[in-house]
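Participant: can you look at this prediction? I've put the sequence above it.
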Amino acid sequence: MSETGTKGEAGETDDIYDTEREKDTDIVVSDLTKYYGDVKGNEDVSFEVYGGEIFGFLGPNGAGKSTTIRLMLGFLKPDSGDVSLLGHDALNEDELVEIKRNVGYVPGEFSFHEGLTGDAVLDYFETMRGGERREELTSTFSPPLGREIGEYSTGNKQKLALVQAFMHDPDLVVMDEPTRGLDPLMQRKVYDFLLDERDNGTTVFFSSHILSEVEKIADRVGVIRDGEIAGVEDIDEVISMSGKVLEIETAEKVETSEFEMEGVEKVETVEPVEGGAGRVSMVATGNYDALLKSIAEHTVIDLSVRETTLEDLFMHYYA
């Protein structure tokens, strides 16, 4: 880890994009490609994750998120490309063994033997990687350790998966849909926990198809579509694409420049409906008073307002 946000000290995270921080990359994926016969899993996927950041890997179901994670962690062999984790070659079997001693993993599907208790599962992982934080984390997430896995709900399986991923105090944690099956209160607890881990220097990579989840905790976001990287953005850029989508129809012609102001993004002319003279759409993330004043200068025939959706963000990249 670099000096900013090292393990065990709550460092500031605003500097994760400065020159020194960007040199500390815990994940480097280069031109990663995987086909299942003629079906594309990934193609030329490339991105970097800096030390001590939370990186959200965003895409709809079937976009290639889980395939990328399995390739990164050595569960699948790529057709081509390279992966480096914590400065080591993750495609080299000997180095991968060492890497996994310092990596935590929350799988998308938790599939331990249903006859084992939660305690037995954690005992198994502790013998392999250690468990210095086991007591702390079981208290935080409270999985029913004495019960057999076959009796667990999806949420309880997820709690147990979180404990096993973090209990050996890894420097890097990779998570596939980490809040699947959790109730809203536990989701909030997980978000707070991950932010604390980030502040203490842990690097977190997590996949999700939930935009609001990524907005809450990620520093940067990679968007994957059809097995290819569509873009990597700072979270502020992603948030600027969210907000409220307004579509305004007016009796007179409207220039998009009238609405180009702070807090208003993606102002576009829309083909007017029959009888309408002007129609524009935009995404408003703030400055509502000034925006309403600009709208009031026109004779408004129709006005619709809705929240942005994950689909809006995907359409931005798919276009």
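Facilitator: Okay, I see it. Computed from a prediction, not measured in an experiment: that's the story for all the values here.
Participant: export stretch 270-286 as PDB, just CAs?
Facilitator: Listed next in PDB are the C-alpha coordinates belonging to stretch 270-286 (Å, rounded to 0.1, in the frame of the first residue of the first chain):
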ATOM      1  CA  VAL A 270     -36.400  16.500 -29.000                       C
ATOM      2  CA  GLU A 271     -38.600  16.100 -32.000                       C
ATOM      3  CA  PRO A 272     -41.800  18.100 -31.100                       C
ATOM      4  CA  VAL A 273     -45.100  16.400 -31.100                       C
ATOM      5  CA  GLU A 274     -47.700  17.500 -33.600                       C
ATOM      6  CA  GLY A 275     -48.700  21.100 -32.900                       C
ATOM      7  CA  GLY A 276     -45.800  21.700 -30.500                       C
ATOM      8  CA  ALA A 277     -43.200  24.400 -31.400                       C
ATOM      9  CA  GLY A 278     -40.400  23.400 -29.000                       C
ATOM     10  CA  ARG A 279     -39.400  20.400 -27.100                       C
ATOM     11  CA  VAL A 280     -36.200  19.800 -25.000                       C
ATOM     12  CA  SER A 281     -34.900  17.300 -22.600                       C
ATOM     13  CA  MET A 282     -32.300  17.600 -19.900                       C
ATOM     14  CA  VAL A 283     -30.900  16.100 -16.700                       C
ATOM     15  CA  ALA A 284     -31.100  18.400 -13.700                       C
ATOM     16  CA  THR A 285     -28.800  17.700 -10.700                       C
ATOM     17  CA  GLY A 286     -29.300  21.000  -9.000                       C
END
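Participant: which residues of the chain fall in helices?
Facilitator: 19-22, 65-72, 93-100, 118-129, 134-141, 154-166, 184-199, 211-217, 235-240, 288-296, 310-318 (DSSP state H).
Participant: nearest to Val29, of these?
Facilitator: helix 65-72 (6.6 Å; Cβ to Cβ). All C-beta atoms are positioned from the backbone trio N, CA, C, and that covers glycine.
Participant: and the average pLDDT for that closest one is what?
Facilitator: Per-residue pLDDT values over helix 65-72 give a mean of 94.
Participant: cool, and stretch 44-54?
Facilitator: Per-residue scores along stretch 44-54 average to 96.
Participant: pLDDT weak spots in the stretch 151-300 of the chain?
Facilitator: Low-confidence segments of the stretch 151-300 of the chain (pLDDT under 70): 239-242, 272-276.
Participant: as TSV, the helices of the chain with mean neighbour count would be great.
Facilitator: Output for the helices of the chain, formatted as TSV (neighbours: other Cβ atoms under 10 Å):
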stretch	mean neighbour count
helix 19-22	12
helix 65-72	23
helix 93-100	14
helix 118-129	16
helix 134-141	16
helix 154-166	22
helix 184-199	16
helix 211-217	18
helix 235-240	15
helix 288-296	13
helix 310-318	16
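Participant: the ones you listed: which one's closest to Leu32?
Facilitator: helix 65-72 (5.7 Å).
Participant: need the contact partners of that closest one.
Facilitator: Residues from elsewhere that reach helix 65-72 (Cβ atoms under 8 Å, 6 or more residues apart in numbering): 27, 29, 32, 34, 41-42, 45, 57, 59, 76-78, 81, 83, 85, 90, 108, 174, 176, 207, 209, 224, 227.
Participant: please apply the same query to stretch 144-161.
Facilitator: By Cβ under 8 Å, 6+ apart, stretch 144-161 touches 106-107, 110, 112-119, 121-122, 138, 141-143, 178-183, 186.
Participant: how long is that stretch end to end?
Facilitator: Its first and final residues considered, stretch 144-161 spans 12 Å by Cα to Cα, to the nearest Å.
Participant: in strands, which of the contacts of stretch 144-161 fall?
Facilitator: Val106 (DSSP state E).
Participant: show the buried residues in the contacts of stretch 144-161.
Facilitator: 106-107, 110, 112, 117-119, 121-122, 138, 141, 143, 178-182, 186 (16 or more other Cβ atoms under 10 Å).
Participant: give me the nearest residue to Ile295, chain neighbours excluded.
Facilitator: Ile248 (6.1 Å; Cβ to Cβ, 6 or more residues apart in numbering).
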